[in-house]
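**Q** using only what follows, build the 3D model:
(one chain, ligands or ions: 1)
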Amino acid sequence: MVTGMELQDLNLRNKYFDAEQFRADFPALNNQSVYLDSAATALKPQAMIDATIQYYAHNTATAERSLHHNALQVTQTIHTTRENVANLIHAKHSHEIIWTRGTTESINLIAQSYARPLLQPGDEIIVSELEHHSNLLPWLIVAKQTGAKVIQWSADIDELSSLISSRTKIVAVTQMSNVTGFCPDLAQISQLVHQNNAILVVDGAQGIVHQPINVDKLNIDFYAFSAHKLYAPTGLGVLYGKATLLEQMSVWQGGGKMLKTTTFSEFQVAQLPYKFEAGTQNIAGIVGLNASLSWLNKWDEVQADNYLIQLSNYARSQLKQFDDIQFYSVEGSPIISFNFKHIHHNDIAILLGDQNIAIRTGELCAQPLMNKLGCHGVIRISLMPYNNQQDIDKLITALNNAIEIFA
Ligand code: PMP
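**A** Residues are numbered from 1 along each chain as shown. The predicted structure follows:
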């Protein structure tokens, strides 16, 4: 008989990465267009699409409520997916995984349920200046509600040592910047944060896609990510929180199955994770995420990552042929941000769009970082293991065509 552990070893040994096969799993890539906007949202593999169709076409049911066959089955899928997500990020318990609408909602939930009752006037929340608006605005809002202060931080560890104090209650930082691709040193940050009795909130929206995370080992208090950047449906997010923190937090939204008992005068909240899941969950989204995770599990992530680093280096070396290019992103990152000195970023986006090349331009929901970089926006290409050298070659041709128009 094969034990669970042996089965895991067997699975690990069976993992491989083949760029062409990986790419073939994405129906959106069966045409001439080039998709270089995966940091905005990832394309979806057929396995995920099939699972979602199967749910809508044949197994539609609500979860955790009705008792008919499909309802029990979908309830089981939700439990399994919660466990799979816990395993993915190395959470100790699956009840530490809360379904939300996305990274944005997850961080707002922390701000309103954890921070708002805790913060006093004069308390400080240190937020890195790399942050997406989704990991800045929830803190600005809660600071306004409580009289606390948001402190800007460069994401440098030495600067954190000088900023952090007994007034610091929360430090919020990204796992990977969606503009520069920079990955702060979470291990060092976490150590410093906890030495100062503060808690660490990590925005994993970009990081989860490219870097394995171990919330337990890194001692991360709260971690958030969105399913749609991880090959899964939109409208679904994850909030991980340490059970000890989640248990002491008050509920944020009411309704559905977030309660044990209620009358017209009082209510008792449900246990974790349900107390934070008011209303019907995004069932199709969770079914889709589960399918994406099992599909992802067959690929060797180290090999996929090496492939991506090579592709990023290739893209950068090709882009360097343009004299007036200025890069903002770190070398080897799947996120490559740049500008041409004399052409507006949005003009490039439109001219590339006309040539079927999908990229992202603008502030990338990171206005403070744009100010720091001294620009009003950037051109961003973002890569996934389904991209290939031909995509980069087509991008370079399209950029040459665009630049010729301006010349
Ligand atoms: N943080 C980062 C770093 C992101 O890149 C994004 C998405 N662009 C978000 C947060 C917000 O994610 P969502 O819109 O899915 O909530």
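
**Q** if you count residues, where's the longest helix of this structure?
**A** In the chain, taking DSSP state H as the definition, the longest helix is helix 69-89.

**Q** what's next to the helix or strand just after that one, contact-wise?
**A** Later in the chain than helix 69-89, the nearest helix or strand by DSSP states H and E is strand 97-100. By CB atoms under 8 Å, 6 or more residues apart in numbering, the surrounding residues in contact with strand 97-100 are 82, 85-86, 91, 106, 109, 224, 236-241, 246, 272-273, 276-277, 281-282, 286. All C-beta atoms are positioned from the backbone trio N, CA, C, and that covers glycine.

**Q** any idea which helix or strand carries Asp216?
**A** Asp216 is part of no helix or strand, with elements assigned from DSSP H and E.

**Q** what's around it, how many residues?
**A** Asp216 has 14 neighbours, counted by other CB atoms under 10 Å.

**Q** ok, now how distant is it from Tyr240?
**A** 10 Å (CB to CB, to the nearest Å).

**Q** can you list residues touching both of these two?
**A** Residues touching both Asp216 and Tyr240 (CB under 8 Å, 6+ apart): Ala91.

**Q** checking whatever residue of the stretch 301-407 of the chain ends up closest to the ligand next. Helix, strand or coil?
**A** Residue of the stretch 301-407 of the chain nearest the ligand, by CB to the nearest ligand atom: Cys365 (5.8 Å). The three-state label given to Cys365 by DSSP: H, G, I helix; E, B strand; the rest coil is coil.

**Q** hmm, Leu130 and it touching each other?
**A** No: Cys365 lies out of contact with Leu130 (CB atoms under 8 Å); the separation is 11.9 Å.

**Q** the more surrounded of those two?
**A** Using other CB under 10 Å, the more surrounded residue of Cys365 and Leu130 is Leu130, with 25 against 18.

**Q** hmm, that one is touching Leu364, no?
**A** No: contact criterion CB under 8 Å: Leu130 and Leu364 do not qualify, at 11.1 Å.

**Q** what's the overlap in contacts for the two?
**A** Counting by CB under 8 Å, 6+ apart, the residues touching both Leu130 and Leu364 are Val179.

**Q** about what we covered before: which of the contacts of strand 97-100 are close to the ligand?
**A** Among the contacts of strand 97-100, no residue lies close to the ligand (CB under 6 Å from any ligand atom).

**Q** out of the residues you listed, name the ones that lie in helices.
**A** Reading helices off these with DSSP H, I get Arg82, Val85, Ala86, Ser106, Leu109, Leu246, Ile286.

**Q** which one of these is nearest to the ligand?
**A** Ranked by distance to the ligand (CB to the nearest ligand atom), the ones in helices among the contacts of strand 97-100 are led by Ser106 at 7.7 Å.

**Q** identify the residues contacting the residue nearest to the spatial centre of the chain.
**A** In the chain, the residue lying closest to the centroid (CA atoms, centre = their mean) is Ala205, at 1.4 Å. For Ala205, the contacting residues are Thr103, His132, Ser134, Thr174, Asn178, Ala224, Phe225, Ser226, Lys229, by CB under 8 Å, 6+ apart.

**Q** what's the answer for Ile107, then?
**A** Neighbour list for Ile107: Ser134, Asn135, Pro138, Ala172, Val201, Asp203, Ala224 [criterion: CB under 8 Å, 6+ apart].

**Q** so who does Val85 touch?
**A** For Val85, the contacting residues are Ala91, Ser94, Ile97, Val238, Leu289, Leu293, by CB under 8 Å, 6+ apart.

**Q** tell me which two of these sit farthest apart.
**A** Ala91 and Leu289 (15.1 Å; CB to CB).
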